[in-house]
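Participant: The sequence isn't on hand, but the structure is:
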């Protein structure tokens, strides 16, 4: 059973930064796309960013482009989401999820982590 384990969330002031981590398997990083989602209080699930198989292509939601960076560390089998210039509207529970395809955003994900809370507030 694959596990995706997120960490790195917390409370940060507007304009601040956080780096989220998602521990996964090497198989996932090498053969499948993997991405980040978020869910704000009272709102639906929102796709944030995705990395394709092997990490050669990155994808971002328009509102995150330029502020968030998705990356991976092969040695640690870990996916990251560096979040800069955070805004109160970025407050949400952030999840990583494994795609069922290798090439990028497909809308189909089969494994999810438990989530890590990000709160942006002064």
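Facilitator: Nice, thanks for sending it over. Nothing here was measured: the structure is a model prediction, and the numbers come from that model.
Participant: State the phi and psi torsions of residue 46.
Facilitator: phi -120, psi 130 (degrees, to the nearest 10).
Participant: Strands along the chain, start to end?
Facilitator: 5-7, 10-12, 18-23, 34-39, 45-51, 58-60, 68-73, 78-83, 92-99, 109-112, 116-120 (DSSP state E).
Participant: would CSV of the ones you listed with mean neighbour count be doable?
Facilitator: In short, each C-beta sits where N, CA and C put it, glycine included. CSV is the format used below for the strands of the chain (neighbours: other C-beta atoms under 10 Å):
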stretch, mean neighbour count
strand 5-7, 16
strand 10-12, 14
strand 18-23, 20
strand 34-39, 22
strand 45-51, 20
strand 58-60, 16
strand 68-73, 17
strand 78-83, 22
strand 92-99, 23
strand 109-112, 16
strand 116-120, 18
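Participant: ok, the most centrally placed residue in the chain - contacts?
Facilitator: Centroid check for the chain by C-alpha atoms, centre = their mean gives residue 36 as the closest residue, at 2.6 Å. With contacts defined as C-beta atoms under 8 Å, 6 or more residues apart in numbering, residue 36 is in contact with 20, 22, 48-50, 70, 79, 81, 94-97.
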